[in-house]
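Trainee: Make a model of this:
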Amino acid sequence: MAVGDFSQWIHGMRSQDRIGKPLTPESKSGYLKVPRAFFRDLHEWEWIPRRFDPAHALRTPRSVRALLGPDPRVIADDIWAKLLWAGLNVEPGDLPAADSRTYPVELIRAITLTWLFAGQRSDEIARLRVGCIRWQHDGMPIPGDSGEVLARDAVCLLDVPTHKTGTAFTKPVDPLLGQAIEAWQAIRPEQPAMLDPKTGEYADFLFAHRARRVAKHYINTAIIPMLCRKAGVPTADVRGNITSHRARSTIASQLYNAKEPMTLFELQEWLGHRTPEATAHYAKITPNTLARAYNDAGYFARNVRTIEVLVDRDAVTSGAAANGEPWQYYDLGHGWCTYTFFEQCQHRMACARCDFYTPKDSSKGQLLEAKENLQKMLASIPLTDDERAAVDEGQAAFDQLLERLTDVPTPAGPTPQQIGVPRHRDAAAGR
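Mentor: All right, here's what the predicted structure looks like:
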């Protein structure tokens with residue numbers, strides 16, 4: 001089904017540009033919800049016999065349900081930084097003439113910084129009460145009429161009214177926001193108490209002027225276009241229009257990806273969510289944070305070890321290497337291995353001392369180390385789980401690897417059992 005199908009008023013539809021395009025997941029779910037409720041009512045009223053279960057037969061498919069749910073759109077860091085700069089430098093000439101005559105610049109600055117720093121929904125910002133800002137220092141409240149000079153580390157608290165999913169709560173915010181709100185409250189004219197449609201009670205709204213409350217869509221229609229114009233950024237990006245709610249997800253994402261990030265439960269309390277599942281939609285892990293975590297996990301280093309290799313330049317330049325003479329020596333800690341395909345040898349981390357092996361304490365090994373024309377190199381060797389355990393965990397894992405390779409032939413031909421390798425050796429100490 002596409003937009004406009006089975007409709008007699010195609011030419012009167014508001015979204016003319018969407019006619020013929022596929023339905024959104026929300027529309028598909030809604031179209032299934034209507035007949036589901038219809039047949040459920042028919043069954044409850046006993047108008048038709050119960051021959052099927054509407055909740056099962058007309059349920060929304062899993063593929064559609066997977067596309068439903070909140071999808072907060074984070075604003076890019078560079079654009080958000082420019083919007084913050086614009087909000088901190090709002091001047092009377094930044095707004096259109098109509099807005100500058102309607103609202104004082106102190107109110108505009110206060111509502112702008114509230115949007116940029118509080119991380120609240122537009123409806124909650126429009127319903128903030130007078131006196132919603134409180135200060136604390138060392139856990140003790142600072143009286144508003146005491147005239148005390150605020151300490152540098154004074155905490156600014158914002159009282160958020162009853163909101164979409166819960167009751168009123170208090171959260172810490174940046175002191176810049178508290179100072180902007182107090183500057184507006186200092187010149188705010190007396191306003192009559194107005195009815196709060198959310199709670200059904202009369203309240204003194206903070207953002208009210210001339211006996212009218214600032215509309216909740218004022219941020220979208222006036223504040224955001226003004227900030228985008230002042231910051232020199234478009235009002236839309238690849239994720240859509242910059243709206244009031246996108247600031248909430250942007251702030252939550254930055255708090256979650258900070259150098260000292262807030263935990264999911266702390267962020268839940270700060271946003272005022274009822275469940276951590278709701279907060280998880282806003283706690284977006286940025287690609288940079290994910291890249292740092294991936295690098296710190298050391299996936300490549302976990303499966304690869306670096307081993308020193310000595311290259312005998314004399315053997316290479318003289319042509320002895322072409323005649324089969326050893327020219328590269330892999331450092332095993334307790335000796336040297338001259339097997340050319342060392343990376344493919346199954347005994348590489350538990351050397352069976354075959355014909356390719358030269359102990360370091362032997363005369364041949366000492367002569368090799370005394371050569372002046374040796375070039376040292378590093379080679380990365382991929383390890384299996386058993387080999388990595390033998391390298392990292394010590395003698396017990398080393399013995400287990402030896403037992404597993406007892407009957408595996410060495411590059412020279414005989415097995416370790418035929419060579420007579422002792423089970424316990426101190427070779428693992430050198431790895």
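Trainee: Tell me where the stretch 151-300 of the chain is predicted with low confidence.
Mentor: 151-153, 299-300 (pLDDT under 70).
Trainee: just the strands in it please.
Mentor: 155-160, 169-173, 194-195, 202-203, 208-209, 212-213, 236-237, 240-241 (DSSP state E, counting those that start in this stretch).
Trainee: Out of those strands, which is closest to residue 330?
Mentor: Among these, the nearest to residue 330 by CB to CB is strand 236-237 (54.1 Å). In short, each C-beta sits where N, CA and C put it, glycine included.
Trainee: Name the strands paired with that closest one and say parallel or antiparallel.
Mentor: Counting by DSSP bridges, the strands paired with strand 236-237 are strand 240-241 (antiparallel).
Trainee: which outside residues touch the partner strand?
Mentor: By CB atoms under 8 Å, 6 or more residues apart in numbering, the residues outside strand 240-241 that reach it are 73, 235.
Trainee: what's the distance between it and the middle of its chain?
Mentor: 21 Å (CA atoms, centre = their mean, to the nearest Å).
Trainee: Same question for stretch 286-301.
Mentor: 12 Å.
Trainee: and if you look at stretch 327-344?
Mentor: For stretch 327-344 - counting by CA atoms, centre = their mean - the centre lies 44 Å from the chain centre.
Trainee: what's the model's confidence in that stretch, averaged?
Mentor: Throughout stretch 327-344, pLDDT has a mean value of 79.
Trainee: that older thread, what's the closest of the strands of the stretch 151-300 of the chain to residue 413?
Mentor: Closest among the strands of the stretch 151-300 of the chain, once you apply CB to CB, is strand 236-237, at 67.1 Å.
Trainee: related to what we said a few turns ago, Serialize the strands of the stretch 151-300 of the chain to JSON lines and add fields for distance to residue 105.
Mentor: Shown next, in JSON lines, are those (distance: least, CB to CB, whole Å):
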{"stretch": "strand 155-160", "distance to residue 105": "21"}
{"stretch": "strand 169-173", "distance to residue 105": "21"}
{"stretch": "strand 194-195", "distance to residue 105": "23"}
{"stretch": "strand 202-203", "distance to residue 105": "24"}
{"stretch": "strand 208-209", "distance to residue 105": "12"}
{"stretch": "strand 212-213", "distance to residue 105": "18"}
{"stretch": "strand 236-237", "distance to residue 105": "27"}
{"stretch": "strand 240-241", "distance to residue 105": "26"}
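Trainee: which one of the ones you listed lies closest to residue 252?
Mentor: For the strands of the stretch 151-300 of the chain, distance to residue 252 was read as CB to CB. The smallest value, 12.1 Å, belongs to strand 169-173.
Trainee: Quick check: neighbours of that closest one in the sheet, parallel or antiparallel?
Mentor: Assessed with DSSP bridges, strand 169-173 is paired to strand 155-160 (antiparallel).
Trainee: Out of the strands of the stretch 151-300 of the chain, flag the one nearest residue 396.
Mentor: The nearest among the strands of the stretch 151-300 of the chain, by CB to CB, is strand 169-173 at 51.9 Å.
Trainee: Can you give me the buried ones in the closest one?
Mentor: Of all the residues in strand 169-173, those buried under the rule 16 or more other CB atoms under 10 Å are 171, 173.
Trainee: Stretch 66-79 now?
Mentor: In stretch 66-79, counting by 16+ other CB under 10 Å, buried: 72, 73, 74, 75, 79.
Trainee: Helices along the stretch 51-200 of the chain, start to end?
Mentor: 54-57, 62-65, 77-88, 97-102, 105-117, 122-126, 175-187 (DSSP state H, counting those that start in this stretch).
Trainee: Please convert those to JSON lines, extending it with distance to residue 45.
Mentor: Below are the helices of the stretch 51-200 of the chain laid out as JSON lines (distance: least, CB to CB, whole Å):
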{"stretch": "helix 54-57", "distance to residue 45": "13"}
{"stretch": "helix 62-65", "distance to residue 45": "28"}
{"stretch": "helix 77-88", "distance to residue 45": "54"}
{"stretch": "helix 97-102", "distance to residue 45": "54"}
{"stretch": "helix 105-117", "distance to residue 45": "49"}
{"stretch": "helix 122-126", "distance to residue 45": "38"}
{"stretch": "helix 175-187", "distance to residue 45": "55"}
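Trainee: So which of those helices is nearest residue 239?
Mentor: Nearest of those (CB to CB): helix 77-88, 10.5 Å.
Trainee: What distance do you get for residue 252 to residue 166?
Mentor: 16 Å (CB to CB, to the nearest Å).
Trainee: try residue 274
Mentor: Counting by CB to CB, the gap between residue 274 and residue 166 amounts to 5 Å.
Trainee: what does residue 202 give?
Mentor: On the measure of CB to CB, residue 202 and residue 166 end up 22 Å apart.
Trainee: ok, now residue 119?
Mentor: Taking CB to CB, one finds residue 119 at 15 Å from residue 166.
Trainee: Which one of these two is surrounded by more residues?
Mentor: residue 119 (25 against 11; other CB atoms under 10 Å).
Trainee: Am I right that that one is in contact with residue 251?
Mentor: Yes. Residue 119 lies in contact with residue 251 (CB atoms under 8 Å); the separation is 4.0 Å.
Trainee: Could you list the domains of this structure?
Mentor: As assigned by automatic domain parsing, the chain contains the domains 10-65, 77-291, 300-430.
Trainee: As a markdown table, these with distance to residue 3 would be great.
Mentor: Listed next are the domains of the chain as a markdown table, based on distance: least, CB to CB, whole Å:
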| stretch | distance to residue 3 |
| --- | --- |
| domain 10-65 | 5 |
| domain 77-291 | 19 |
| domain 300-430 | 49 |
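Trainee: out of those domains, nearest to residue 2?
Mentor: Smallest distance to residue 2 across these (CB to CB): 5.3 Å, for domain 10-65.
Trainee: what mean pLDDT does that closest one have?
Mentor: Domain 10-65 comes out at a mean pLDDT of 88.
Trainee: so how far is that domain off the chain centroid?
Mentor: For domain 10-65, the distance to the chain centre is 35 Å (CA atoms, centre = their mean).
Trainee: Stretch 194-213 too?
Mentor: Distance, centroid of stretch 194-213 to centroid of chain: 38 Å (CA atoms, centre = their mean).
Trainee: Which residue is the nearest non-sequential neighbour of residue 67?
Mentor: With sequence-adjacent residues excluded and distances taken as CB to CB, 6 or more residues apart in numbering, residue 67 is closest to residue 25, at 3.9 Å.
Trainee: Noted, bye for now.
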